[in-house]
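K.L.:
Need the 3D shape of this:
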Amino acid sequence: MRTGLMRLLLQEDLNFLLTNRIPRRWATKAVGRIAAIEHPLVAKPALAAWRFFCDVDLSDAETTRFRSLRDAFIRRLRPGARTFAGDAATIASPCDAIV
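P.N.:
Got it, this is the predicted structure:
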């Protein structure tokens, strides 16, 4: 089912419609408001959608139970997770992102 749904959602025409017909400012504000809601009827579907579309790996998180989508975005990591070499040539980014 996920493969079929992803195939549908990744179609160029549908993707263009969803991402270019709504002003990005409105979409960003809407997602920001949804992310702050701590009620389970909003938070659980928002978290599920984020995990579904972004293939999020929470294996290094201190917990996998979050009160809101925002709570998941600013999650604490388990001790020892994501260690890196501490040399001056290493750059670390405190977020999950593609740089």
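
K.L.:
Centroid-nearest residue for this protein?
P.N.:
What sits nearest the mean C-alpha location of the chain, by Cα atoms, centre = their mean, is Trp50, with 4.8 Å.

K.L.:
which SS class is that residue?
P.N.:
helix (DSSP: H, G, I helix; E, B strand; the rest coil).

K.L.:
Need the contact partners of the host helix or strand of Ala30.
P.N.:
For Ala30, the host element (DSSP states H and E) is helix 24-36. Residues outside helix 24-36 that contact it (Cβ atoms under 8 Å, 6 or more residues apart in numbering): 42, 46, 68-70, 73. For glycine as for every other residue, the C-beta is placed from the backbone atoms N, C-alpha and C.

K.L.:
which residues touch the residue nearest to the centre of the chain?
P.N.:
Trp50 neighbours (Cβ under 8 Å, 6+ apart): 56, 69, 72.
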